[in-house]
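Asker: next come a sequence and a model predicted from it.
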Amino acid sequence: MSRINIVVAGASGKMGSEALRMIEKDPTLHLVGCVDLRYNGQKVSEIDGLPKLDAKFYNDINQCFKEVKADVLIDLTSPKVGYKHTKAALLHGVRPVVGTTGFTTEQLEELTELAKEKQIGGIIAPNFAMGAVLMMQFSKMAAKFFPDIEIIEKHHDQKVDAPSGTAIKTAELIQETRQSKQQGRSDEEEIIEGARGANYDGMKIHSVRLPGLIAHQEVIFAGPGETLTIKHDSYHRESFMSGIRFAIDQVVNLTELIYGLEHLMLD
């Protein structure tokens, strides 16, 4: 079986370095390049704390794609950079697997059209933890019967966006089956602004940011005399690697851009 050539963007970050360790352990994957603002021209093996791999760092993704033969891009950066990287990958015939959240609707539409035009598959996933994907799907199922819902998502204090992409995706999925309603009292008053969280179609989303956390979410459903809580916890960034590995295997056979890992897991 031929190996899949991989480029990792955001390779020196916590998620990116975990992806490098996954690639190092998998004989069917071959790292051919890394894209990062740091370490331009240096080899991965020369950087303390990173695996002993010979691929080179680039600070320009287009230069990287011109110099190496890549099959798949794993992007674990930020929404602004991830959008540019995903577009560059599609233009160069490289299949993107993107774990960056925060794309706008317009950006997703543009990338979807570009993938269709190029007949190249890609995957953008708010969360690559398999359990988190199932948590979102179970929440969608429960919302049909329990329309009173609050979402609490908790992440490390270095996360820049709130709510998380997973929380937003969960709310979007819930909206597909939930009867729209404004929850709580109509005359409810926040003594401190924001105390009740963000409002999404009448349900509330709360974001917690604390050191020591990785990625955690619970969705609380309530009805007369009962509550149902669906909860998922990622205690280590390794929890996202099984989903990324699954996405790599799937994306090489796709001819369109997919948003959400559930479309591949549950088909």
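Answerer: That came in fine, so what should we check first?
Asker: which residues of this structure score low on pLDDT?
Answerer: 1, 267 (pLDDT under 70).
Asker: tell me the domain ranges of it?
Answerer: 4-124+238-265, 130-235 (automatic domain parsing).
Asker: winner for burial among these?
Answerer: Most buried of the domains of the chain, by mean neighbour count (mean count of other CB atoms under 10 Å): domain 4-124+238-265, with a mean of 19. Using the backbone N, CA and C atoms, a C-beta is placed for each residue, glycine as well.
Asker: and the end-to-end length of it?
Answerer: 21 Å (CA to CA, to the nearest Å).
Asker: what of stretch 249-264?
Answerer: Start-to-end span of stretch 249-264 (CA to CA) is 11 Å.
Asker: what does that stretch contact?
Answerer: Contacting residues not belonging to stretch 249-264 are listed as 4, 71-72, 95-97, 108, 111-112, 114-116, 119-128, 130, 133, 136-137, 169, 243, 246-247 [CB atoms under 8 Å, 6 or more residues apart in numbering].
Asker: how far off centre is it?
Answerer: Its chain's C-alpha centre and that of stretch 249-264 lie 13 Å apart, by CA atoms, centre = their mean, to the nearest Å.
Asker: sketch out the strands for the stretch 1-150 of the chain, chain order is fine.
Answerer: 4-9, 29-35, 56-58, 72-75, 95-98, 122-124, 148-155 (DSSP state E, counting those that start in this stretch).
Asker: by contact count, what packs against the fourth one?
Answerer: Packed against strand 72-75, as judged by 3 or more CB pairs under 8 Å, 6 or more residues apart in numbering; DSSP states H and E, are the following elements: strand 4-9, helix 79-91, strand 95-98, helix 241-251.
Asker: ok, that strand: who's next to it in the sheet?
Answerer: Strand pairing for strand 72-75, determined by DSSP bridges: strand 4-9 (parallel), strand 95-98 (parallel).
Asker: dump those strands into TSV; add distance to Glu24 as well.
Answerer: Shown next, in TSV, are these (distance: least, CB to CB, whole Å):
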stretch	distance to Glu24
strand 4-9	11
strand 95-98	17
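Asker: got the contact list for the nearest residue to Leu173 once chain neighbours are set aside?
Answerer: In space, and not counting its chain neighbours, Leu173 is closest to Lys140: 4.2 Å by CB to CB, 6 or more residues apart in numbering. With contacts defined as CB under 8 Å, 6+ apart, the neighbours of Lys140 are 173-174, 176-177.
Asker: between the residues you listed, which sits nearest Glu24?
Answerer: Of all those, Leu173 has the smallest distance to Glu24: 34.4 Å, by CB to CB.
Asker: surely the closest one is in contact with Phe138?
Answerer: No. Taking contacts as CB atoms under 8 Å, Leu173 lies outside contact range of Phe138: 10.0 Å.
Asker: find residues that contact each of these two.
Answerer: Counting by CB under 8 Å, 6+ apart, Leu173 and Phe138 have no contacts in common.
Asker: gap between Thr77 and Phe103?
Answerer: 12 Å (CB to CB, to the nearest Å).
Asker: again, but for Ser186
Answerer: On the measure of CB to CB, Ser186 and Phe103 end up 34 Å apart.
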